[in-house]
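Undergrad: structure for the following, please:
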Amino acid sequence: MLNQQQVDAEEEQLREQVAALPDAQRRAFYQQLKPLLRDPDTYATLNWCFLAGLHHFYLGLWGRGLINLLVFIAGVVLLFTSYWLLAIMLLVFVSVIELWTLFRAQIIIQHWNNQLTRRLLQRQPYSDTNP
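TA: Take a look at the predicted model:
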């Protein structure tokens, strides 16, 4: 489980590493990082509005998103069959997991962005001509 203090410490360490880059490299680094960063509010909104796993797609976690979406769809379809009790159990299960994720959206995305930053820092050197 993610720990807020550890994630904050990791973010501070990464900021110091980026700050230590020469100006041109730091500028190129931020140009490459900016389009990759994810917004916790968008993640939380996708989770809140659509308990079907769309927030996983936002992070590029296609497998996890598909599993979540399929379980949700199966639950909805089963509501209209004699397996309605199983449907309710599936939907409650998905809802509980997604609500937990919703309440932790800030730290999940902070950690996600830290990992992106770390991977990009490992790909040095940077130049102003890199996309």
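
Undergrad: P40 and R104 touch, don't they?
TA: No - the pair P40 / R104 is not scored as a contact, 9.7 Å apart, by Cβ atoms under 8 Å. C-betas here are computed from N, CA, C, even on glycine.

Undergrad: just the buried positions in the lengthiest helix in the chain, please.
TA: In the chain, assigned by DSSP state H, the helix with the most residues is helix 84-103. Using 16 or more other Cβ atoms under 10 Å as the test for burial, helix 84-103 gives A87, L90, L91, V94, E98, T101, L102.

Undergrad: tabulate those residues (CSV), appending distance to N114 and pLDDT.
TA: Below are the buried residues of helix 84-103 laid out as CSV (distance: Cβ to Cβ, whole Å; pLDDT from 0 to 100):
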residue, distance to N114, pLDDT
A87, 38, 94
L90, 33, 91
L91, 33, 91
V94, 27, 88
E98, 23, 87
T101, 18, 88
L102, 20, 89
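
Undergrad: let me see the confidence value for the residue lying farthest from the centre of the chain.
TA: Relative to the centre of the chain, the most outlying C-alpha is that of S82, 36.3 Å out, by Cα atoms, centre = their mean. Looking at S82, its pLDDT is 94.

Undergrad: what's the helix or strand for it?
TA: Using DSSP states H and E, S82 sits within no helix or strand.

Undergrad: list the contacts of it.
TA: With contacts defined as Cβ atoms under 8 Å, 6 or more residues apart in numbering, S82 has no neighbours.

Undergrad: ok, it to G75 distance?
TA: With distances taken as Cβ to Cβ, to the nearest Å, S82 is found 15 Å from G75.

Undergrad: again with Q5
TA: Q5 sits 37 Å away from G75, going by Cβ to Cβ.
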